[in-house]
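J.: Task: produce atomic coordinates for the following.
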Amino acid sequence: MNLEEGKKQFIESWGTLGSSWGITRTMAQIHALLLIAPAPLCAEDIMDELQISRGNANMNIRMLIDWGLVHKKLKSGERKEYFMAEKDMWEVVKNIIIHRKKKELEPMLRILDELSGVEGKDEESEEFRNVIRDIKLFSSKADTTLDTLIHADSNWFVGTFLSLIRK
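T.: So this is what the prediction gives:
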């Protein structure tokens with residue numbers, strides 16, 4: 001496989017994987033392209049490489065910036081905006097966790113808080129509250145674990161992960 005084939009396969013695979021993170025395929029493909037680019041790219045470069053429209057490129061670049069996965073890079077003497085990906089994989093993973101947590105886990109915890117106050121003394125109400133309490137307990141532990149992961153450094157994470165898989 002030559003470099004161009006490898007790049008194409010990586011971009012396609014990263015795009016597919018992106019939907020598992022809760023981002024669009026195009027957003028993940030732009031991220032992949034910027035990850036492997038040796039220098040920052042402008043929107044036109046991204047549009048040409050991925051064969052996407054300007055609107056699609058701009059919207060997805062802005063979302064990647066919001067996620068902290070892409071940064072603007074200014075080039076002196078240039079009017080175009082250039083973009084580069086965060087290449088520290090630990091930072092990438094942390095930023096994805098932060099966004100997924102904010103988008104999915106935190107709203108669910110708020111709903112579970114509301115639902116835990118369901119009234120009633122009958123068996124069905126009691127069972128409902130028990131199930132909600134169990135889900136809330138698990139979700140709260142997941143939230144705490146993700147907070148610990150977000151605030152940890154990569155050496156701690158790798159060491160902990162390796163000790164877990166050795167057992």
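J.: Send me stretch 21-34 as CSV with only the CA atoms.
T.: Presented in CSV, the C-alpha positions along stretch 21-34 are these (Å, rounded to 0.1, in the frame of the first residue of the first chain):
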residue,chain,number,x,y,z
TRP,A,21,-18.0,9.2,19.3
GLY,A,22,-21.1,11.1,18.5
ILE,A,23,-19.8,13.2,15.6
THR,A,24,-20.6,13.1,11.9
ARG,A,25,-18.7,11.1,9.4
THR,A,26,-17.5,14.3,7.6
MET,A,27,-16.4,15.9,10.9
ALA,A,28,-14.3,12.8,11.7
GLN,A,29,-12.9,12.7,8.2
ILE,A,30,-11.8,16.4,8.4
HIS,A,31,-10.3,15.6,11.8
ALA,A,32,-8.4,12.6,10.2
LEU,A,33,-7.2,14.7,7.3
LEU,A,34,-5.9,17.4,9.7
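J.: same question for it, mean pLDDT?
T.: Taken as a whole, stretch 21-34 has a mean pLDDT of 91.
J.: List the buried residues for that stretch?
T.: Buried residues in stretch 21-34, counted by 16 or more other CB atoms under 10 Å: 21, 23, 26-34. From N, CA and C alone the C-beta is placed, and that goes for glycine too.
J.: for stretch 103-110, same thing?
T.: Buried positions in stretch 103-110, judged by neighbour count with 16+ other CB under 10 Å: 105, 109.
J.: Quick one: low-confidence residue ranges for this structure.
T.: 154-165, 167 (pLDDT under 70).
J.: which residues in it form strands?
T.: 41-42, 70-73, 82-85 (DSSP state E).
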